[in-house]
Structure formats: C-alpha cells, structure tokens
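Peer 1: Sequence and predicted structure below; questions after.
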Amino acid sequence: MSEEGSPRSPEAKLGKEVEDLWDVQEAQLTPTEKLNACFESIPVSEFPHASPSQVIEIRSDASLGEAVRLLSQNKVLSAPVVDVDAPEDASWIDRYLGMVEFAGIVVWILHQSEKNNGSDACDAFQSAIEYSMGPAVVAAASGMSSPRYRSSQPGSPKTAGNFFEILTSSDFYKNTKVKDISGSFRWAPFLALQTSNSFLTMLLLLSKYRMKSVPVVDLGGQKIDNIITQSAVIHMLGECSDLQWFRSLGSKKLCELGLPLMNTNQVIKVDEDEPVLQAFRLMREKGVGGLPVVSGRNKPVANISIRDIQFLLIAPEIYKDYRSITAKNFVTSVKRYLENNQKASPLLSGMITCRKDDTLKDVITKLDSEEIHRIYVVDDEGNLEGVITLRDIISRIVHEPRGYFGDFFDGVLPLPANSRV
C-alpha cells in the first residue's frame, strides 16, 4: 500500500479487493475456505493485463523457425496458434488450433528425425543428418550414447555439438509449418477462460492442472483479451504480502506449511555430465517446468528451465566445439552467450535457494524479484532437500471443491480434426 493508503499497483488493488471480501466471510470458515470464497467472487477480467508483447498469436502457416523466433523475442514459453483458414466470424473455439511451445517443437523434430518409417520429409531429414554428420549425431542428440554404441563407433561423440546447428539450417526445419504438427502427440490443445470465469478457476488451472499460462477470451470479439502467466500470479502475491489475508500465511515457515511437498529422492534432477536433452525429456515426461543440475552427491549447481530449450534453436553454434552437449556444457555456453550479447535471463542469477525455516513471504519475494517459478530447498551444507513451485504455493492458499469443474473441460478442449492425442 502507498503512504496515502491507496494500492500502489493494479495487483495490490486486486489484493485489497480480496481483503474486503475476506472481512465479510463467515467466522467459522477456515482461512482456505475464506480464500476460496473470495477468489470465486472475483472474475478473471479484473486481473491486470499482460504487456502487449506477451499477448501474441502465432499463425498456423508460420514455419517452426518463425514460431521459435516469436516465442524467443517476446520472452514467452508458449503462444496460441490461430487458424488462418478460419472464417472471419469464427468462434474462439474454431479460431484457435492449440498452443505451440519450445519443448513441443524440439521434441517433435527429434521424434520425426528418429522415425524409420515416417514421411518422405522426415526420412530425407534423417538421411541428410546422417550423410553430413554421421549416425552418431542423431544418436548423441537422442541420448543413446550407450557403452555398446560408443564401442562400435569410436570417436563418434565429437560431432554431437553440431547437431542443432545442422538441424536449424535444414529445409525440413525452415519449411515445416506450425499447422503441420497440429496432429502430433506433442500438440497442446487450446484451453481458455472466458472473462466471466473466476479467479479461483484460474488459480486451480495453474496449479493442480499444471497450465503454464491461461489465455482469457473476450466473447464479444471472439479473441484473446489477456494471458495470465505464472510470473504474473507470483507478482500479484508479492504485492499482497503485507495485506491481512496473506499475512497469516506469509509469516509461516515453509516446514510449518508442509513444504516442500517432495523430499530429496522425489525431486527430478540431472547430473551435470548427462546429456542436456535428457533434462528436457524429463521435464516433458514428468510434467515439470524445470529441474536442478547436480554435482557430486547431491549439490545443485544450476537450474535448467523449459524456456531454456530456446537456446538450442536460436544459438546452436555456441555448442559446436563440444564433444557432446552435456547439462554442464549447455549451462556454461548459454551463460557465455547471454553475457556476450548482454541479454537478461534467470540463468545468469545462479542457483536461487532457500531453507525450510524461511517464511513463505521470503520465498515469494525471491521468486518475484528473480522472475522465476521454482526455488530449491537446501540444508546447511548446500545439499538438495526439495523444490517449491508456484503450484505448491497455490495449493496452500486454495483448494478445489468437490465437483468444482463439472463438465468444464468438455467444451473448452477442442482438438484439431487430425489430432491423435
């Protein structure tokens, strides 16, 4: 709040609205039940609008290269794909095909290149890779560098660092359209909220239902009105940290809130000497947005986020001198690239950690100031003890009432006609 008592930001103004609703809730309700009622009463139309650069759409006839460039330039993880063939008066369900994201593009390309009986384009791409760089490149990029394979192909890992440079210069990468991957198993369907949906619905979609961002559509114009990101919600919580409804939660230690939810053995992580693609594969398979790179027995030395996969595509030349692109080589190369090009990124901040006796307010302040979505819990010796994400924090603020969503997902998850997901 400002010195005059008025909210200092749109997010703080929203927090003050929650405060006013909190004060009129029935006394017998638990704090979580009160917050559920408060957030259910506020429509998502009241959430502050994202900057224009974050509310972008990617045309279905854009190439994969163009999609990567747009995502990277606008610093977003994913974007909705608008069907260029849809009629002008199409509803939003018919206008948008799905979401395209960095991880989906890379995993899809690798999947296609590895297929033995795919389309002519896929076969031509794999043949071109193997002809120019040898089968070890495909094998190394796919993480198939087993001892048996290495013994049969002596010295083969030397060219692995060139894989993405060859890939991004190929006609296959340049000419494949976003709409061409709409039926692949990596396609993300388009799920959006209407402006009248509640804040509670949005928070549950970002937490329990693991959405990275939530588009909000305006039924009047049948187009996207806003995109609510995890970072935006973290910032809102940071702006509300001094308000009464948040103060009782924010002053509690993590251990008092049952955080972290995962113990050391449950945290998904990679060793610094493992292939970096193993990190991204684990993120996709386990449904996590990032993971720690560990050294020695269990000491986190870096964090790799799903957004960092862009650096395999926009700057593939920075790895060409490495025998293989390990997690350690990847982090070292990207940091050097960012520093040389004076680009900002959470990767430059190093490991952001906390302790179990830190308060929730302390953690949210760190997440907000560093513009990150997860923080690692370490002990006094710096050993990894767990991880805390925005999803974990939201789970301690609100809960999903029984039967809350009903048939909500039936009508808002349209799949492309040729989808196989």
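Peer 2: Great, that's in hand.
Peer 1: could I have stretch 275-295 exported to PDB, CA atoms only?
Peer 2: Extracted in PDB, the C-alpha atoms of stretch 275-295 (Å, rounded to 0.1, in the frame of the first residue of the first chain):
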ATOM      1  CA  PRO A 275      23.100 -35.100 -22.000                       C
ATOM      2  CA  VAL A 276      21.100 -31.800 -21.800                       C
ATOM      3  CA  LEU A 277      18.400 -33.400 -23.800                       C
ATOM      4  CA  GLN A 278      17.800 -35.800 -21.000                       C
ATOM      5  CA  ALA A 279      16.900 -32.800 -18.900                       C
ATOM      6  CA  PHE A 280      14.300 -31.600 -21.400                       C
ATOM      7  CA  ARG A 281      13.000 -35.100 -21.900                       C
ATOM      8  CA  LEU A 282      12.400 -35.500 -18.200                       C
ATOM      9  CA  MET A 283      10.600 -32.200 -18.000                       C
ATOM     10  CA  ARG A 284       8.200 -33.300 -20.700                       C
ATOM     11  CA  GLU A 285       7.700 -36.800 -19.300                       C
ATOM     12  CA  LYS A 286       7.300 -35.700 -15.700                       C
ATOM     13  CA  GLY A 287       5.300 -32.600 -16.400                       C
ATOM     14  CA  VAL A 288       7.700 -30.200 -14.700                       C
ATOM     15  CA  GLY A 289       8.900 -26.800 -15.800                       C
ATOM     16  CA  GLY A 290      12.500 -27.000 -14.700                       C
ATOM     17  CA  LEU A 291      14.900 -29.100 -12.800                       C
ATOM     18  CA  PRO A 292      18.300 -28.800 -11.000                       C
ATOM     19  CA  VAL A 293      21.600 -29.800 -12.300                       C
ATOM     20  CA  VAL A 294      23.500 -31.500  -9.600                       C
ATOM     21  CA  SER A 295      27.200 -32.100  -9.000                       C
END
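Peer 1: chain center to it: distance?
Peer 2: 12 Å (C-alpha atoms, centre = their mean, to the nearest Å).
Peer 1: just use 16 as the starting number from now, easier for me
Peer 2: All set: I'll call the first residue 16, so the last point we hit is now stretch 290-310.
Peer 1: Pretty sure Gly30 sits against Gly253.
Peer 2: No: counting by C-beta atoms under 8 Å, Gly30 stays clear of Gly253, with 9.8 Å between them. C-beta: built from backbone N, CA, C; applies to glycine.
Peer 1: Double-check Ile412 against Leu218; I have them as touching.
Peer 2: Yes: using C-beta under 8 Å, Ile412 makes contact with Leu218 at a distance of 7.4 Å.
Peer 1: Which one's more surrounded, the two?
Peer 2: More crowded of Ile412 and Leu218, by other C-beta atoms under 10 Å: Leu218, with 24 against 18.
Peer 1: where does the more buried one fall, helix, sheet strand or coil?
Peer 2: helix (DSSP: H, G, I helix; E, B strand; the rest coil).
Peer 1: cool, Lys371 as well?
Peer 2: Per three-state DSSP, Lys371 ends up coil.
Peer 1: Now do it against Leu269, distance only.
Peer 2: To Leu269, Lys371 is 5 Å away according to C-beta to C-beta, to the nearest Å.
Peer 1: So which of the two has more stuff around it?
Peer 2: Counting neighbours by other C-beta under 10 Å for Lys371 and for Leu269 shows that Leu269 has the greater number, 24 against 16.
Peer 1: contacting residues around that one?
Peer 2: Leu269 sits next to Pro275, Cys369, Arg370, Lys371, Asp372, Asp373, Thr374, Leu375, Val378, Val392, Ile403 when contact means C-beta atoms under 8 Å, 6 or more residues apart in numbering.
Peer 1: Report the buried members of these.
Peer 2: Pro275, Cys369, Lys371, Asp373, Thr374, Leu375, Val378, Val392, Ile403 (16 or more other C-beta atoms under 10 Å).
Peer 1: from memory Met366 sits against Asn318, does it?
Peer 2: Yes: under the criterion of C-beta under 8 Å, Met366 makes contact with Asn318 at 6.3 Å.
Peer 1: Now list whatever residues contact both of these two.
Peer 2: Contacts common to Met366 and Asn318, judged by C-beta under 8 Å, 6+ apart, are Pro307, Tyr391.
Peer 1: Give me the more crowded residue out of these two.
Peer 2: Neighbours per residue (other C-beta under 10 Å) separate Met366 from Asn318, with Asn318 holding more: 24 against 16.
Peer 1: and that one, that's in a strand?
Peer 2: Yes: the assignment for Asn318 by three-state DSSP puts it in a strand.
Peer 1: which residues does it bridge with?
Peer 2: Pro307 (DSSP bridges).
Peer 1: Do I have it right that it meets Pro361?
Peer 2: Yes: counting by C-beta under 8 Å, Pro361 is a contact partner of Asn318 at 7.4 Å.
Peer 1: what residues are shared contacts of those two?
Peer 2: Ile367, Ile387.
Peer 1: What segments of the stretch 266-415 of the chain are helices?
Peer 2: In the stretch 266-415 of the chain, the helices defined using DSSP state H, counting those that start in this stretch lie at 291-301, 326-329, 342-355, 375-385, 405-410.
Peer 1: Can you convert the ones you listed into CSV and add a column each for mean pLDDT and distance to Ser66?
Peer 2: Output for the helices of the stretch 266-415 of the chain, formatted as CSV (pLDDT from 0 to 100; distance: least, C-beta to C-beta, whole Å):
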stretch, mean pLDDT, distance to Ser66
helix 291-301, 85, 26
helix 326-329, 86, 21
helix 342-355, 92, 21
helix 375-385, 95, 16
helix 405-410, 94, 19
